[in-house]
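In: what's the 3D shape of this:
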Amino acid sequence: MQPGPLNLITDIPGLKVGNAQDAALNSGTTVLTADAPFACSYAVLGGAPGTRETDLLEPDKSAPGVDALVLSGGSAFGLAAAQGVMDALHTAGRGFAVHSARVPLVPAAILFDLLNGGDKAWGENPYPALGRAALAAAHTRFALGTAGAGTGAQTAMHKGGLGSASLVLDDGTTVGALVAVNPLGSVTTPAGRNFWAAPFEMGAEFGALGPDPARGFQPPPDSRKLAAMAALGNTTIGIVATDAALDKSQLKRMAVAAHDGIARAIVPAHSPHDGDLIFAVSTGAVELTAPPTQLTQIGHAAAICLARAIARAVWEAVAAPGDLLPTLRQDLGRV
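Out: Numbering: from 1, shown residues only. So this is what the prediction gives:
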């Protein structure tokens, strides 16, 4: 296994990602799309999810594919970003054909960033416009850290963000992850100078800080996030993808396996106050030759990519006026 040329989810041919954000709002939206519909399923293990159109992704449901996926800040207000994406796709003639009608399918998941210091006193919901702008910006190259759905994200101890990573497997299959990191838990160990995901780092993609040298259990410090917000507002939402031709049932297993990446990179994970959700996507370009074995490897790679993407999200975050929490680089004196 090795990272793809961009070390982004868009190393999978055909996928594009767009970000849109509002600095005053301290929030934003991220869209994943492709030129043609793609197969998709999902798995949610957090206790407080916020979603749109996820039921149709279950393996027993009839929808064969979706046109885009949306990750957004804004809590329930952010689900409206999917409407902006849907409207833009409809204008472009995209969508599931129902006789003479076309209906773009745009599932979405949101994270809670309403108490992060941004100006939330809007008169008109800003998220449909952010969704449209993110779709319009979709490209193979996109920003990480303080961008898109990760703009106003926070972890227990540091500013969160948007992350991505990829792997090319020995059989040539490509797997990638895209994630907005806003958990109740911490992405760094109790010492605050090392990532839980350190054992999975490739090169210096999130600072080459190495694993925490301390041994045994270490009690976590008091959460800076809870102190700053005086409320519970969390969730890690993401997408894992592959060019392997997986059906919805196989994608469901991929999404479940990918959640191991959250558990490896965030402590604690999957709490009652997190809406942890992972979409799994296939472009269907590469046929499987040994399905059971390959599906196991793809799920394993998805978990590794997701853990790395989570750490990259926090490593790439940048300081902004009004931040309630420091970036990790600020704590390390590497600004």
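
In: Please report the distance of the residue positioned nearest the centre of the chain from Asp55.
Out: Taking Cα atoms, centre = their mean as the criterion, Val179 is the residue nearest the geometric centre of the chain, at 1.8 Å. Look at Val179 and Asp55: by Cβ to Cβ, to the nearest Å, they are 22 Å apart. Quick note: C-beta positions are derived from backbone N, CA and C, even for glycine.

In: what about the residue nearest to the centre of the chain, which helix or strand?
Out: Per DSSP states H and E: Val179 is located in strand 174-181.

In: just the CA coordinates of that strand, formatted as PDB?
Out: C-alpha atoms of strand 174-181 as PDB (Å, rounded to 0.1, in the frame of the first residue of the first chain):
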ATOM      1  CA  THR A 174      -7.500   2.800  -5.100                       C
ATOM      2  CA  VAL A 175      -9.200   3.700  -1.800                       C
ATOM      3  CA  GLY A 176      -9.600   7.200  -0.400                       C
ATOM      4  CA  ALA A 177     -11.200   9.100   2.500                       C
ATOM      5  CA  LEU A 178     -12.700  12.600   3.100                       C
ATOM      6  CA  VAL A 179     -13.700  13.700   6.600                       C
ATOM      7  CA  ALA A 180     -14.900  16.700   8.500                       C
ATOM      8  CA  VAL A 181     -13.500  16.400  12.100                       C
END
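
In: Please renumber the chain so that the first residue is 375 from this point on.
Out: With the count now opening at 375, the last piece we talked about shows up as strand 548-555.

In: for this structure, what spans make up the helices?
Out: Taking DSSP state H as the criterion, the chain contains helices spanning 455-465, 501-510, 598-603, 622-639, 665-689, 702-706.

In: Just the buried positions in the first one, please.
Out: Read it as helix 455-465. Neighbour-count burial for helix 455-465 flags Ala455, Ala456, Gln457, Gly458, Val459, Met460, Asp461, Ala462, Leu463, His464 (criterion: 16 or more other Cβ atoms under 10 Å).

In: Now do the second one against His647, distance only.
Out: Meaning Ala456. Taking Cβ to Cβ, one finds Ala456 at 23 Å from His647.

In: What is the burial count for the nearest residue to Ile636 once chain neighbours are set aside?
Out: Using Cβ to Cβ, 6 or more residues apart in numbering and skipping the chain neighbours, the partner closest in space to Ile636 is Ala643 (4.8 Å). By the criterion of other Cβ atoms under 10 Å, Ala643 has 22 neighbours.

In: what about this protein, any weak spots by pLDDT?
Out: Across the chain, the ranges flagged by pLDDT under 70 are 603-606, 709.

In: Mind jotting down where the strands sit in it?
Out: For the chain, applying DSSP state E gives strands covering 389-396, 401-418, 425-426, 440-446, 470-472, 475-477, 482-484, 535-542, 548-555, 610-618, 651-660.

In: Which neighbouring elements make contact with the fourth one?
Out: Packed against strand 440-446, as judged by 3 or more Cβ pairs under 8 Å, 6 or more residues apart in numbering; DSSP states H and E, are the following elements: strand 401-418, helix 455-465, strand 482-484, helix 501-510, strand 610-618.

In: and those as a markdown table, adding distance to Ala582?
Out: Converted to a markdown table, the helices and strands packed on strand 440-446 look like this (distance: least, Cβ to Cβ, whole Å):
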| stretch | distance to Ala582 |
| --- | --- |
| strand 401-418 | 26 |
| helix 455-465 | 35 |
| strand 482-484 | 31 |
| helix 501-510 | 31 |
| strand 610-618 | 23 |
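
In: between those, which one is nearest to Gly522?
Out: Gly522 sits nearest to strand 401-418 of all the helices and strands packed on strand 440-446, at 3.5 Å, using Cβ to Cβ.

In: what's the angle from the closest one to helix 501-510?
Out: For strand 401-418 against helix 501-510, the angle by axes from the mean of the first three to the mean of the last three Cα atoms, to 10 degrees is 80 degrees.

In: Show me what counts as buried in strand 401-418.
Out: For strand 401-418, the neighbour count (16+ other Cβ under 10 Å) marks 401-408, 411-418 as buried.

In: Report the two of these separated the most.
Out: Farthest pair in the buried residues of strand 401-418 (Cβ to Cβ) is Ser401 and Ala413. Separation: 29.7 Å.

In: partner residues bridging the nearest residue to Thr425 once chain neighbours are set aside?
Out: Nearest residue to Thr425, sequence neighbours excluded (Cβ to Cβ, 6+ apart): Ala483, at 5.2 Å. Following DSSP bridges, Ala483 is listed with bridge partners Thr425, Leu445.
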